[in-house]
Structures are given as structure tokens and as C-alpha cells.
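Student: the sequence and its predicted three-dimensional model are supplied below.
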Amino acid sequence: MAFHELPVLLLQLLQIIQLVVVLALCSLVPPGAGGGAYTNHTTITASVLPCLPDQALALLQLKQSFSVTNYSTMAFRSWRPGTDCCGWEAVHCDHSNDGHVTSLDLGDCGLLSGGLSPALFKLTLLRYLNLGGNCFNGSQLPAAGFERLTELTHLNLSSSSFSGEIPTGIGSLRNLVSLDLSAAFDILDLADDGYSFNYAGNWLVEPNLARLIANLSSLLELRAGFVDLSNNPAMEWCNALANYTPNLQVLSLPFCQLHGPISASLSRLSSLVLIDLRKNHLDGPIPQFFANFSFLEVLQLSRNHHEGWVSPKIFEQKKLRTVDLSNNIEISGILPNFSADSRLKNLLLGNTNFSGTIPSSISNLQHLKKLALGGRGFSGEIPSSMGQLTSLKLLEVSGFGLVGPVPAWVTNLTSLLVLQFSNCGLSGPIPSFIGNLPKLRKLALFRCNFLGEIPQHISNLTHLNMLLLYSNNLVGTVQLTPLWKLPKLFDLNLSNNLLNVVPEDQDNSSLASLPPIKYLGLASCNISEFPNDLRNLDQINGLDISNNYINGAVPQWVWEKWSSFSFLNLSHNNFTSMGYDYPILPIYVQYFDLSFNNFQGAIPLPQEANWLLDYSSNQFSTIPSNFGTFIVDTESFKASGNKLSGEILAPICTAWSLNLLDLSYNNLNGSIPTCLMEDLNSLQVLNLAGNQLHGELPHSMKEECSLRALGFGSNKIEGKIPRSLVACQWLEILDIGNNQISDSFPCWMSKLPKLRVLVLKSNNFTGHLGLGPSVAEDRSNCDFLELRVVDLASNNLYGTLPEEWFSNLKSMTASSSNETFMVENRYPHGQAYRFTVEVTVELTHKGHDIAFSNNLVALVFIDVSSNLFHGEIPKSIGDLVYLSELNMSHNALTGPIPNQLGRLNQLESLDLSSNELSGEIPQELASLDFLTTLNLSDNMLVGRIPESIHFGTFTNDSFLGNDGLCGPPLSKGCSNGSNIVPHPLNEKPDIILFLFTGLGFGVGFAFVIVVTWGICIRK
């Protein structure tokens, strides 16, 4: 009996020893390995209990799914068959799970695979899984398998090049505490509010966020940056988060294409520590309830479309470390008095509408590392107390009301890496003490009033990467060689000053080394020849030498030395030749601008262009017949104002990515290819005006129509306006004037909710304006609520002018927001661009035919002249208080001029000539202080002409052909019996109204198209 008891006692003793060892090993596991907010849960340890054979086999199968590289060899060096897998690197087995793998951390190992192996899902007791930072080559996540990992609490698939929809199985992991599907990125802010970013990540899509998180009530961290959430309706994504993840601490959804306002339901997520919603399409106000989130440390809402007042209380939250509201140009607010106990490290308000003075209490923010006060409304002096922020690494200040020179206290900030004073009222020379900031990486002093020469002390900044001095009043002769001695310089912009940049006589290859220049801006630098000293800049990626005086051919070495550009702008010079014998240039370029030169012959095409090609205003005569091959990915193609002839070639329809096509003002003939309007679903702007095109417009528009502007004016187009155009619900501009259209007035176009410009002049439109008196339909079927420019002149419209039709032009009764539309595009390397697109419309303005583009919105315009209208002028026109031009001449209108027209205080031009109007000229017209063009000739008006400052400037021609009129400026005097009271000559005009109207008329109307796009024109 005793003989048999000894092994039993030994076995029990061994088990006790084993338990002690396991407990000791477990105590070595880092305390953060089990959970915590936004931490890396990497755990590498060994377990005493050996792993189960099926677990080892699954891991070895997973290993085989990765390509053999140096990285994989290193990552799997301990993964050997026959050894305990619980001791392998990146693998952990919990001692209580009998050899099951509970943690697998292969994050950032640089592994390469064609897809995620289903062997992974055999590890059914996994609690922690990290595959982030590897490359799965755009493969889709397995549709089935994740639902088997029911114990999973942490899942990290970030930056792993997965694509497609997120599997529903992830949404069934009820124990998930942390979910990371994001992409890693770094943003570099550039000039003009542009940016570039390095992007390494996934291409995942989640059409229903609510479905994904409905069962994830334990979730504390949600990171899904760059996941496409565009199909989630506005507000609903907020409601889903509030309803299903009540304890959420980290909400990180940057670059997700979210839209709509932030819903009040998000206020229920009061445990949030981090909110990152950068670079979405969010609008509406920034919620005030964020100021009540007592745990909030990071608030990032930059590069959205937020608007309205921002409560100063947001900046006073005690735990806040980072507030980034930058690049929301419509938000406003003032800075509070900052308390000394603030923990703010990053305060970023660049490119906003914040205003007021910068408080001296800014010096209390002693923890600040980054300070960007780019509010356009900041004014006064920059407080000297800012010089006490000696830990600052970034300082950016803007404000057109700021005064004074660059402050001397800047020299105290010796840790600065970025110094930027832009879009400001600062003036004076660039001080030499700038050269005493040894760590400076970026010096940006642009769009201010700086003058004088560029100081030589800048050459002391040997760590400088970016030197941006454009759009000031700098003077002097500049040679580039001294700047080439800045060894790390990659971005140099001296454009739009009063500088004279002269090329070097000698070849700069004699320099020991050249800086890695990637972008060079020398626009408007009085350059008369192509700078030869650029030929050795081997890394150049963007070049702007526009608006200079360069003649002749582009040097041949340009095409021999340089092969790839993000941005190449040679516009507004006197180039005559590309200096290359073939129409296909040996370069790849994204933005290529040759406009406003004297180039001739065939349009030169780069090997590939995926953004903009601009050949406008040259002498080009042909397009290569195979051009469709080279513009497949091009988004904007502009060739207006050339000598192109022949038909529009069919290969243009292979450019599936086109957003804009402008071939206006050439000699093109033939019919319009149907594919341009029916098949190119991405096309937003099509301008074919000023050619010799004939035939009918394409008739089969599709529901996917994205068109926003159509220009067909001054051609020979026949037939009717296609009714299928109603599918183009984004359409804002339609110009089909000066053609041969035969149709009735298109009331059906009132179904286009955004239509603002309608030009039908000089065609053969017939019938009534509106539905006509005999039509029993709902009158609202002809209400054009958004129209601001309507030109129906020189047609055959007849009948009376309906009061209610004019009264429903609601947009003419309210001030325009001067809205523009932006098309933004994302490129794999992370660059974004912004540019302005002009759609030219010809109108008869103050008696002269003028092409309008930049000021269409400011011009509120009605022209119904040269038709067959009769009856009285509608009194409701007097309600269109923003009307700037009214032309009703050459009709058969009768009755008096309504005195309600005297309410049109913005009116600049009024033409009622060649009608049958009677009665006296309303005295109220004499008070229209901005009226500069008046034509009441050839009517039957009587009585004394009103007297006023403005009426005194009109000549006889304004009143001729009215035998009953008398008084100045006519030579016919009035009899003593006339009892018309003249407008007081000493009455002062409304000066404020005069100024605002003048400013309003100068505001441009532009269509803006981006890549991703911010002008960010370079990496």
C-alpha cells in the first residue's frame, strides 16, 4: 500500500509546484494586457501548459498563408513544428484554458498575404487578435468565420489593405471592447488650406453602421478611419452609436465620408475621451454638449463643413489636450480667457471665421505644443505674452485685422518647427532674427503685406523643409543658387511678389549637392526665359512658372530630365512650342496647365493624367485621334478658346472619370455625341458653347445624372429640350441661348430643385410664360424657386406676364450665400487639389452683350425682351428686392409703370423701352441710387421727369419717343400747371447700401472641383 502511495504524493507535489510556477509567470504579464482605453495590447509570454495540437496546426497553416520574406522569417522564427506553440513569439495561451491560444499579436510585422487564412478561425478561444500593419493585397475579409471567435474582446485589422464590405460576423462578437478597422495616415498641411497625407490602410465599406454595432454594447473603442460610411443616412449613424454603444470612450471615424449634422443623440455618449471626425462632410453647428463631456481629452472635427457659433466653453474643459476645429470656414467664435490650470497641448483653429482679439491669457497655456489661430476675423496686435509659450513647436496666426510687424518675441520660441503668418494684415520687412530659429522646418509668410528684400539670414535655417513667401510685396533681384544651399528644402514658393527671379549663368550642377526640391513656385516673378538652373532638380514633382514672360519653345531637356509631375503650370506666358516632336509627351502628370499661351498644332497629351488638363486660350487646331487612351482617368479636360475643328471624337466617351469637359469657343461641328450626356455618369460640367454644333440634344438622360452645368449657347442646335433632363436633379446652370430650339416654355424644368441660371434667349420658344391661363394644372408646377438669372429674350413667347410666376422667384427676394460646389478626389498617395471652374454665359447687360462667369450669382437678372407679351407689368416684380437688372423692352406692354419698382434698391439697369406704357414715371424710381442704366424710350409716358442725382445723369436717349414727357434732360419744358413734386436734390444716398451692393456685385460665382481634394498641388 505504501509502495503505491509514493507516486501519488509525488504527483500531487509536482502539481503544486506547477501551479506556483504558473502563478509566478502570470504575475509577469503587463497590467495593461487585459484592457484599457486605446492601448496596444501586445503580450508575448510562455505558458507552462503546452498548446493543443489543433491549435499549433492552425497557427502553422496561418503561417503558410504568408509570403516568405525577411519580415515573415523574423516574425515566425520561433514557430517550429514539434515545439510548444504557447511559447511562440506573438502567441499567448491562458493557463486556465488547457492549452488554447487566447492572444495572437502579429501587428506591424510587415507580413504579406493574398488573403486571410480560414485557419485563423480554428482559434475559437481568442480574446485578443492583432493583424494590423500588414498587407493582404486588397483581398476581402472572409464572409464567414469571425462569428466563431465568440470570446474576442480586442480586434485590430487596421492598415492591412483589406477591401470590400465588413463581414457581418464581426457584428456578432458581443464581447468586443476594442474594434480597429482604421487606416494609418499622416496629414501635412500645405499652403492655400491644402494638405497632403500618407495613407496606408484598408478599402473597407460599411453601408449599415447600425447593423455592425447593434450587438456590440460592451464596445469602448471604435476606430474605423477611412472606412466608407457614405451610405449611412445623415443623423442615423449618430443614433446608432448612441443606442448600441452607450459606454463608448473612443470614437475615431476620420475620412469616412459621413454627412449631415451631428445629432443631439450623441450627447448620450458622455464617457467619450476621444472624438475624431476629421475630413468628413459634416455640416451644421458644432454641438455645445461637447463642453459637458467631462472625460473628453481629444476633439478633432477639422476639414468639415460646420457652421455657426462655437461656444467658448468647449475650450475650458479641464481634461482637454487637443482641440482641432481647423478648416471649417463658416464656424465663428471668440477665444475665452484661458485659465492657468488648462492642459491644452494642441489648439488648432486655422481657416475658420473666429474673430476678436487674441487674449493675453493665451500665455497661461504653458503645455501648448501646437497653436494655430487662423481665424479670418482676428484683429489688433498679437499679444507679446505669446512669447512665453516656449514649448511651442507650431505657431500659425492669421487675421486680416492684425496689425504691426512680425513680433520680436518670436525669437523666444526656440523650439519652433513651424512658423506661419498668413492671410493677415502684418506688414514691414521680413526680420533678420527669423534666422535665429535653428530648428525651423517650415517658414510660411504669405498673403500679408510684407515688403522689402528676402533676408540673407534665411540661409541660416539649415533644417528648413518649406519656405513659402508668396503673395506679398517683396522686391529685389533673386538668384536661386543661395537657396539651393538649404540642404533639406523641398518646397519653395516665391510667387506673386514684385521679385525679379533671374536664371543663373552657370550650370548649378557644380554645387556639391542640391536640395530635394519637390515643389517650386515662381509664378509672376518677371522671368523672361525658362530657368536653365532647374534642370538638375531631379526630385521635382511640382512646378509653377505661370504669369511670366517666357517666349518660344519649352526646353527639350524638360521632357528628357523629368518624367513625373503632380503639378506642372506653364500658363499665361508666350510659349509657342512644346519643344517635343510627338503629340504624346513622355511624362506622367496630374495637373497640367498650358492655358493662355500661343501653342499651335496638335494638343500634347501626357502619358497619363488623372486630374486636370487645361489647354484653354491657345492656337491648338487638332486633338490626336487616339487621345481617348490617354485621358481614361482624367477628371477635367479644358480646351476652350482654340481653333479646334471637325466633329467631337467618340473616344472622348472613354474618359469615364471626367467631371468637367470644356470645348467651348472653337470651330467644332457635327452633332453632340449622345454618350457625353447619357453615359458619363461622373460628368458635372459640360460646356460646348460657341461652336457650330447642330442636330438635337441627346434625349435619354439617366437617373445617375450628375450634371450641374450645361453650356450649349451659340450653336445651331435644333429640336426640343429633352424632357429626360429632369433626371439631372443637381443641375444649376442651363445655357442654350442663341440656337434654333423650337419648343414651348419649359415649366417642367421647375422640377429641377437647384436650377439657378436659365438662358433660353434667341431661339423659337412659343406660348405663355408659365402654364398659361387655360391650363387647369397646379400652378406650383411652374415655380422656379431658386432661379436668379432668367433670360428669355428674343423668342416668340406671348400672353400676359403672370403676377404669381414672378412672385415665386423666391431666390430673388433673398441674399445669395454665394455657394460654390466642390468636387473632391482622393488619390492613393494622398494628395488633394482645389481649383475654380468658370462656366461662361453670355447676357445682354446694360445694353451690351457681355460674357459672365465670375459674377453670375451676384447678378440677379430678368430679361424677357423682344417677345410678344402684352398687358401690364406685374406689380409683384417689386418684391424681387435683389434684382440687379430688368429688361422688358420690345414687347406690347401697356398700363403704368408700377411704383412698386421703386422698392428694387439693388437695381442697376432698367429697360422698358419700345412698349405702350402710359401714365407718369413713378417718383419712386428717382430714389434708386444704384440705377446707372435707364431706357424708357418709345412709350406713351407723360408728365414731368422726376429729378434726382441719378436721374440727372441720364441723357435724352433714355426718354425719347414719349411725346407727353417734359423737363430735364429733355429740351421740352413743363407748363406751370404741372404739379409733380421733384425728388429733393439734397437728399443723401444710402452710402452703406451703396457699399454693400458694390461689394456684392464683385463676388465671384465659381464651380469648385477636388481631389480630396483642398489647392493642394503636391505631396
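Tutor: Perfect, thanks for sending it.
Student: state the mean pLDDT of stretch 522-542.
Tutor: In this model, stretch 522-542 has a mean pLDDT of 92.
Student: low-confidence ranges, the stretch 551-700 of the chain, go.
Tutor: For the stretch 551-700 of the chain, applying pLDDT under 70 flags no range at all.
Student: run through the strands of it in chain order.
Tutor: In the stretch 551-700 of the chain, the segments counted as strands under DSSP state E, counting those that start in this stretch are 551-553, 564-569, 574-577, 584-593, 600-602, 605-608, 612-614, 619-622, 636-638, 645-647, 660-662, 667-670, 685-687, 692-696.
Student: got a list of what Leu570 touches?
Tutor: Leu570 is in contact with 545-546, 550, 554, 593-594, 597, counting by C-beta atoms under 8 Å, 6 or more residues apart in numbering. In short, each C-beta sits where N, CA and C put it, glycine included.
Student: same thing but at 6 Å, please
Tutor: Leu594 (C-beta atoms under 6 Å, 6 or more residues apart in numbering).
Student: go on, the one 4 residues further on?
Tutor: With contacts defined as C-beta under 6 Å, 6+ apart, Asn574 is in contact with 551, 598.
Student: roughly how far apart are it and Leu910?
Tutor: 44 Å (C-beta to C-beta, to the nearest Å).
Student: ok, now which ones touch Leu688?
Tutor: By C-beta under 6 Å, 6+ apart, the neighbours of Leu688 are 663, 712.
Student: at 8 Å instead, please
Tutor: 648, 663-664, 668, 672, 711-712, 715.
Student: farthest-apart pair in the residues you listed, please.
Tutor: Maximum pairwise distance among these (C-beta to C-beta): 14.0 Å, between Ile648 and Gly711.
Student: these two - which one has more neighbours?
Tutor: Taking other C-beta atoms under 10 Å, Ile648 and Gly711 do not tie; Gly711 has more neighbours (27 against 22).
Student: not including adjacent chain positions, what is the nearest residue to that one?
Tutor: Excluding the flanking residues, the one nearest Gly711 by C-beta to C-beta, 6 or more residues apart in numbering is Asn687, at 3.8 Å.
Student: and the one you found, bridged to which residues?
Tutor: In this structure, Asn687 bridges to Asp662, Gly711 when assessed by DSSP bridges.
Student: does it touch Asp662 like I think?
Tutor: Yes. Taking contacts as C-beta atoms under 8 Å, Asn687 lies within contact range of Asp662: 4.3 Å.
Student: give me the common contacts of these two.
Tutor: Common contacts of Asn687 and Asp662 (C-beta under 8 Å, 6+ apart): Ser640.
Student: can I get the buried part of the contacts of Leu688 as one ChimeraX selection?
Tutor: Buried residues among these (16 or more other C-beta atoms under 10 Å), as a ChimeraX selection:
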select :648,663,664,668,672,711,712,715
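Student: can you give me the helices for the stretch 601-750 of the chain?
Tutor: Remark: helices assigned in the stretch 601-750 of the chain by DSSP state H, counting those that start in this stretch are 674-678.
Student: no, scratch that, I was asking about the stretch 101-250 of the chain
Tutor: Per DSSP H, counting those that start in this stretch, the stretch 101-250 of the chain carries helices over the ranges 209-213, 236-244.
Student: any idea which of those is most buried?
Tutor: Across these, averaging neighbours per residue (mean count of other C-beta atoms under 10 Å) puts helix 209-213 on top, at a mean of 21.
Student: look up the closest residue to Leu426, ignoring the ones flanking it.
Tutor: Cys448 (4.9 Å).
Student: for Gly164, same thing?
Tutor: Using C-beta to C-beta, 6+ apart and skipping the chain neighbours, the partner closest in space to Gly164 is Gln140 (3.7 Å).
Student: which strand residues bridge that neighbour?
Tutor: In beta-bridge terms (that is, DSSP bridges), Gln140 pairs with Ser163.
Student: per-residue confidence at it?
Tutor: In this prediction Gln140 is given a pLDDT of 95.
Student: same check on Asn130?
Tutor: 98.
Student: doesn't Leu104 make contact with it?
Tutor: Yes. Under the contact definition of C-beta under 8 Å, Asn130 touches Leu104, with a separation of 7.2 Å.
Student: and those two? Which one has more around it.
Tutor: Asn130 (25 against 21).
Student: partner residues bridging that one?
Tutor: Beta-bridge partners recorded for Asn130 (DSSP bridges): Asp105, Asn156.
Student: can you give me the distance of it to Leu179?
Tutor: Distance of Asn130 to Leu179, computed by C-beta to C-beta: 12 Å.
Student: likewise Thr150?
Tutor: Computed as C-beta to C-beta, the Thr150 to Leu179 distance reads 15 Å.
Student: who has more neighbours, these two?
Tutor: Leu179 (28 against 13).
Student: the more buried one touches Ser158, doesn't it?
Tutor: No. Using C-beta under 8 Å, Leu179 is not in contact with Ser158; the gap is 9.9 Å.
Student: and for the two, which residues touch both?
Tutor: In contact with both Leu179 and Ser158: Arg223, using C-beta under 8 Å, 6+ apart.
Student: what residues go with each domain of the chain?
Tutor: 50-107, 608-966 (the TED database).
Student: reformat the ones you listed into a markdown table and put distance to Leu568 next to each item.
Tutor: Formatted as a markdown table, the domains of the chain follow (distance: least, C-beta to C-beta, whole Å):
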| stretch | distance to Leu568 |
| --- | --- |
| domain 50-107 | 37 |
| domain 608-966 | 10 |
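Student: looking at those, which one has the lowest mean pLDDT?
Tutor: For those, where the average pLDDT is lowest is domain 608-966, sitting at a mean of 86.
Student: end-to-end on that domain?
Tutor: Start and end residues of domain 608-966 are separated by 70 Å (C-alpha to C-alpha, to the nearest Å).
Student: same thing with stretch 316-330?
Tutor: 22 Å.
Student: average pLDDT for that stretch?
Tutor: The average pLDDT for stretch 316-330 rounds to 94.
Student: list the buried residues in it.
Tutor: Quick answer for stretch 316-330 (16+ other C-beta under 10 Å): 317, 320-328.
Student: the residues you listed: which two are farthest apart?
Tutor: With C-beta to C-beta as the measure, no two of the buried residues of stretch 316-330 lie farther apart than Gln317 and Asn327, at 21.5 Å.
Student: number of nearby residues for the residue nearest to Gly711?
Tutor: Asn687 has 25 nearby residues by other C-beta under 10 Å.
Student: over to Val227?
Tutor: There are 24 residues near Val227, going by other C-beta under 10 Å.
Student: hang on, it packs against Ile170?
Tutor: No. Between Val227 and Ile170 there is no contact under C-beta under 8 Å: 11.7 Å.
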